[in-house]
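> Below are the sequence and a predicted model; questions follow.
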Amino acid sequence: MFFIKSKIKWVYNKIARLNDATLPMSELLKPPFLNVDIQKGCVVSDDTIIGEYTYIGANTTLTKAVVGRYCSIANNVSIGDGEHILDKVSTSSYFYDDPYEVLTQKECIIGNDVWIGTKSIIRRGVKIGNGAVIGANSFVNKDVPEFAVVVGSPARIIKYRFNPTIIKLITKSNWWELSIDEAKKKVAYLQKQII
C-alpha cells in the first residue's frame, strides 16, 4: 500500500500528461495514477485501478478495487476492505495461507461518473453502475444499478437520477470515455437534450 499527497500527485500528473501519448492505456490506469486527484491521508492498494479525472477525498481507503473515470469519492470512504470468511472455525487471518488474497477475493467495481458520499462503505463483491450516487454514511452491500441514488445502512434505492429514456441517451453517449475537453462538450450537449 502507498500514500499519496495531492500536491506531489498534481506535479506528477502535469508532467506525465505531456507524455501520455507514449504510454499504453493499461499503464495510465495503474499507480501512479494519471489525472487523478487523491487527497491527504488516503490509502490505496497497489492493485487498485483508478480511471482518469477521478477525485478521491481525504482519508479514503481503496483495496483491490476498480474505479471508473470521472468519479467523485468523498472523504472517509472505504471501498473494498477485506472480508473474513465466516464459515471457518476461526475468522482470524492468521489461519489463511495467503491472507490478502483470501480477504479480497470478490471483485469491487465502481463504474464511471459515480459520486460516493462521505463516510460510505462499499463492500467487497459490490458493483456500482455508471452515474450512480451513494448517499453519505451509506453501507452498500448489494450491486447498484446505473444512475440509481442509494442511501442508508444497508443502502437502498430511493430514486433514479433520470427517466429510462434519458439514461439510455447518456449511456449510449459513453461520454466518460472521452478526454476532458471532449467530455465537457458532450456533457453540455447532453444537458441541453434533457432539459
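Thanks, I have the structure now. Every value quoted in this text rests on a predicted model; they were computed, and no experiment measured them. Numbers count the residues shown, from 1 in each chain.
> residues near residue 163, how many?
11 (other CB atoms under 10 Å). The C-beta positions use only the backbone N, C-alpha and C, and glycine is treated the same way.
> okay, it: pLDDT?
With respect to pLDDT, residue 163 scores 96.
> which residue is nearest the centroid of the protein?
Centroid-nearest residue in the chain: residue 67, 3.3 Å away (criterion: CA atoms, centre = their mean).
> Now do residue 66 against residue 101, distance only.
16 Å (CB to CB, to the nearest Å).
> Settle it for me: which of these two has more neighbours?
Per other CB under 10 Å, whichever of residue 66 and residue 101 has more neighbours is residue 66, with 19 against 11.
> for that one, what are its contacts?
Residues in contact with residue 66, defined by CB atoms under 8 Å, 6 or more residues apart in numbering, are 48, 49, 107, 108, 109, 110.
> Just give the closest residue to residue 177, not the sequence neighbours.
Among residues not flanking residue 177 along the chain, residue 69 sits closest, at 7.4 Å (CB to CB, 6 or more residues apart in numbering).
> In this structure, where is pLDDT below threshold?
Low-confidence segments of the chain (pLDDT under 70): 1-33.
> the domain parsing of it - what is it?
In the domain annotation for the chain, the residue ranges read 6-161, 162-195 (automatic domain parsing).
> Of those domains, which stretch is the most buried?
Among the domains of the chain, domain 6-161 has the highest mean neighbour count (mean count of other CB atoms under 10 Å), at a mean of 17.
> Stretch 49-67: how far from the chain's middle?
Distance, stretch centre to chain centre, for stretch 49-67: 5 Å (CA atoms, centre = their mean, to the nearest Å).
> typo on my end, it should be stretch 108-124
5 Å.
> first to last residue in that stretch, what's the distance?
5 Å (CA to CA, to the nearest Å).
> ditto for stretch 58-71
15 Å.
> And stretch 92-109, by the same measure?
Note: stretch 92-109 ends 26 Å apart using CA to CA.
> mind listing what residue 174 touches?
By CB under 8 Å, 6+ apart, residue 174 lies in contact with nothing.
> Please report phi then psi for it.
With angles defined as degrees, to the nearest 10, residue 174 sits at phi 50, psi 40.
> How much space separates it from residue 131?
Noted for residue 174: a distance of 12 Å to residue 131, by CB to CB.
> again with residue 37
Using CB to CB, residue 37 is found at 20 Å from residue 131.
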